[in-house]
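Engineer: sequence first, then the predicted structure:
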Amino acid sequence: MDFASASQHLIEVIYLIASILFILSLKWMSSPVTARRGVLAGEIGMLLAIAGTLLHRGIVDYKWIFIALVLGTIIGIPLGKVQMTAVPQRTALSHAFGSLCVTLVGTAEFYLRSPDVPPFMMAVLSMEVILGSLTFTGSLMAAGKLQEVLPQRPITYKGQNFVNLSLLAASVLIAAYLVIHPEAKMLFPLIVIVPLFFGVMMVIPIGGADMPTVISLLNSYAGLSAAAMGFVLNSKLLIIAGALDGSSGFILSVIMSKAMNRSFTNVLFGAFGQVQAAAAGTVEEKTVRSASAEEAAGILAAANKVVIVPGYGMAVAQAQHKVRELYDALTKRGVDVKFAIHPVAGRMPGHMNVLLAEADIPYDRLLDMDEINGDFPQTDVALIIGANDVTNPAARTDASSPIFGMPILDVDKARTVMVIKRGMSPGFAGIDNPLYYLDKTLMLFGDAKGFVGNIVRELSGGGAHG
Amino acid sequence: MSANVLDNLFVFMLAGFIGFDVIRKISPLLHTPLMSLTNALDAIAVVGAIILVGEHKSTLATILGTIAVVAATINIVGGFIITDRMLRMFKSSRPGKA
């Protein structure tokens, strides 16, 4: 065996080890106890793979590689240090970077190989570039909406679905032509430009509350385009990483759309917020009971079991640290406090858990919907902070409601329900919530952070009758 | 279809099954760090970009490859840092457990 082929074998072995480490990395993510080991495994796998690649005998010039690695590191570090509330837009942005990389490599490979591209190769290369391009602009749009530099409300117009489907169909047709005629270099830019445009058009009709599904879907596309790139470059390591990322994104999208009671096509072609806004006008006047912070503190202090239901409103009001103080004050009095997390609470899958963990609330107190729903009948107080539609009992009972069938947290089964809310305005979906008019419901009107702070003060000041 | 392509399809199929099975077992608690981790791992695409830059077969390939390496490195570095930061925040209320 000569030196060149020996080093080639060494690289393949290193890639094999990296693949094993990547799979272990995800396996260890299954529990918070082993998850950090998972990150370490991923880091070692990545370092090995990059180091191995640098041994590649075809590499004649290292200068630009190192400049790019250093530049990427310099930009990457601050992006790893964003605030936890900004994690969704950071994630969307990273999907954009990932798909940019894949699209650029695919484009370069085409121009290096054309016209000598076998049909299967051209087909996966087209898939790589089409998925990569639409994920790039789609993710940038999603990041813009999440960062609120773009309007969060869905933008819809007549014939939108027709325009979008035509753009997609056009990209696929051009790709099909290229499969038969890979020498048509002039056409190639079209399977980049048309999907770039499609990515923008795909995301503009999607509203803020659908972001968890969209981010997951874009995650899946980014993974699939990387796997396609693995086929083009004949790299099994890349195929494995892409397949893992693609299936992860796909599973998360399924979970998210189930939690929203929507299908994929409905999220992509539905423009939910727009449709629902029309239903908002028909709210009749009903009476609600409200209470002060002092009364709320009294009821909470007298309870045995309290379940707190945080929604994105809590994160917007930056109330999670006050909520932690409330958790401490109640736990100290012997009250059993748990948190009920709906799958779509927050702006991306699992976002609410991260926000509460940041406020130092122990993770074994954070229960997901299936785990906690059986507990509500034995719960004395369900305290809802900044959540609305995910607590709406109409989803269970009212077949005419637009959210009918959506899985919700059964807070109405608790003995007392308290809702901290700024006013009586409907939630994102624009639907009235019958929960607020129940006899057992107390509305606590005010800003989430301020109101929770007042309750904590009442509890610690001894003003409550504990 | 060449033998290589078929090999690769087998690998893709098996990795897809492993991915589905492993990821389904991950608690919703960790879905955000999961996404940032898979995102960092996905940036393994950097290996393809590095070879593209290093082989220097055309000016276009070197330019596109260099931008691609930058983009992927951003995801590797940023993705691992933020995943670890998030996971460090998850603490149990039971003493003795990390």
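Structural biologist: The structure has been received and is ready for your questions. Numbering: from 1, shown residues only, chains lettered A, B, ... in the order given.
Engineer: can you list the weak-confidence ranges in the chain?
Structural biologist: Since no chain was named, I'll use chain A. A:1, A:264, A:266-285, A:425-430, A:462-466 (pLDDT under 70).
Engineer: chain B is the one I meant
Structural biologist: For chain B, the ranges with pLDDT under 70 are B:1, B:95-98.
Engineer: what residue is smack in the middle of it?
Structural biologist: B:Leu41 (1.6 Å; CA atoms, centre = their mean).
Engineer: name the element it belongs to?
Structural biologist: Following DSSP states H and E, one finds B:Leu41 within helix B:31-42.
Engineer: state the next helix or strand along the chain beyond that helix.
Structural biologist: helix B:46-55.
Engineer: list the helices and strands the next helix-or-strand element following that next one packs on?
Structural biologist: Per DSSP H and E, the first helix or strand lying C-terminal to helix B:46-55 is helix B:59-89. Under the contact criterion of 3 or more CB pairs under 8 Å, 6 or more residues apart in numbering or on different chains; DSSP states H and E, helix B:59-89 touches helix A:35-54, helix A:63-79, helix A:87-113, helix A:351-358, helix B:31-42, helix B:46-55. In short, each C-beta sits where N, CA and C put it, glycine included.
Engineer: list of residues touching the last one?
Structural biologist: Applying CB atoms under 8 Å, 6 or more residues apart in numbering or on different chains, the set of residues contacting helix B:46-55 from outside is A:49-50, A:53-54, A:56, A:58-62, A:64-65, A:68, A:101, A:104-105, A:108-109, A:229, A:233, A:235, A:237-238, B:61-62, B:64-66, B:68-69, B:72-73, B:76.
Engineer: still on that earlier bit, please see if the helix holding B:Leu41 touches chain A.
Structural biologist: Yes - residues of helix B:31-42 are located near chain A by CB under 8 Å from any CB of the partner chain, namely B:His31, B:Thr32, B:Pro33, B:Leu34, B:Met35, B:Ser36, B:Leu37, B:Thr38, B:Asn39, B:Ala40, B:Leu41, B:Asp42.
Engineer: quick one: residues contacting the fourth one.
Structural biologist: When you say that, I think you mean B:Leu34. Shown in contact with B:Leu34 (CB under 8 Å, 6+ apart): A:Leu26, A:Met29, A:Ser248, A:Leu252, A:Pro349, A:Gly350, B:Ile23, B:Ile26.
Engineer: with adjacent residues omitted, what lies nearest to residue 84?
Structural biologist: You didn't say which chain, so I picked chain A. Setting aside the residues directly before and after it, A:Met84 is nearest to A:Glu358 in space (CB to CB, 6 or more residues apart in numbering or on different chains), at 4.7 Å.
Engineer: let's do chain B instead
Structural biologist: Per CB to CB, 6+ apart, closest to B:Asp84 is A:Val39, 4.9 Å.
Engineer: quick one: contacts for that neighbour?
Structural biologist: Taking CB under 8 Å, 6+ apart as the criterion, A:Val39 is in contact with A:Ser25, B:Leu37, B:Phe80, B:Thr83, B:Asp84, B:Leu87.
Engineer: from these, which is closest to A:Phe376?
Structural biologist: For the contacts of A:Val39, the closest approach to A:Phe376 (CB to CB) belongs to B:Leu87, at 29.9 Å.
Engineer: wait, the closest one touches A:Arg37, no?
Structural biologist: No - using CB atoms under 8 Å, B:Leu87 is not in contact with A:Arg37; the gap is 9.7 Å.
Engineer: those two: who's more crowded?
Structural biologist: B:Leu87 (22 against 16; other CB atoms under 10 Å in any protein chain shown).
Engineer: and the more buried one, what does it touch?
Structural biologist: A:Pro32, A:Ala35, A:Arg36, A:Val39, B:Leu30, B:Pro33 are the contacts of B:Leu87 under CB under 8 Å, 6+ apart.
Engineer: against A:Val87, how distant is it?
Structural biologist: 13 Å (CB to CB, to the nearest Å).
Engineer: now do A:Leu104
Structural biologist: Separation of A:Leu104 from A:Val87 (CB to CB) stands at 26 Å.
Engineer: what secondary structure does A:Thr153 sit in?
Structural biologist: You called it Thr, but residue A:153 is Arg. Using DSSP: H, G, I helix; E, B strand; the rest coil, the structure places A:Arg153 in coil.
Engineer: by proximity to chain B, which residue of the stretch 351-466 of chain A wins?
Structural biologist: At 3.4 Å from chain B, A:Pro362 is the closest residue in the stretch 351-466 of chain A, using CB to the nearest CB.
Engineer: how many neighbours does the closest residue to B:Ala61 other than its chain neighbours have?
Structural biologist: Spatial nearest neighbour of B:Ala61, excluding adjacent residues (CB to CB, 6+ apart): A:Ala108 at 4.2 Å. With neighbours defined by other CB under 10 Å, the count for A:Ala108 comes to 24.
Engineer: can you tell me which of the contacts of B:Leu34 is nearest A:Gly334?
Structural biologist: Of the contacts of B:Leu34, the one sitting nearest to A:Gly334 (CB to CB) turns out to be A:Gly350, at 30.2 Å.
Engineer: tell me which parts of the stretch 251-400 of chain A are close to chain B?
Structural biologist: Residues of the stretch 251-400 of chain A lying near chain B (CB under 8 Å from any CB): A:251-252, A:255, A:341, A:343, A:348-351, A:353-354, A:357-358, A:360, A:362-366, A:368.
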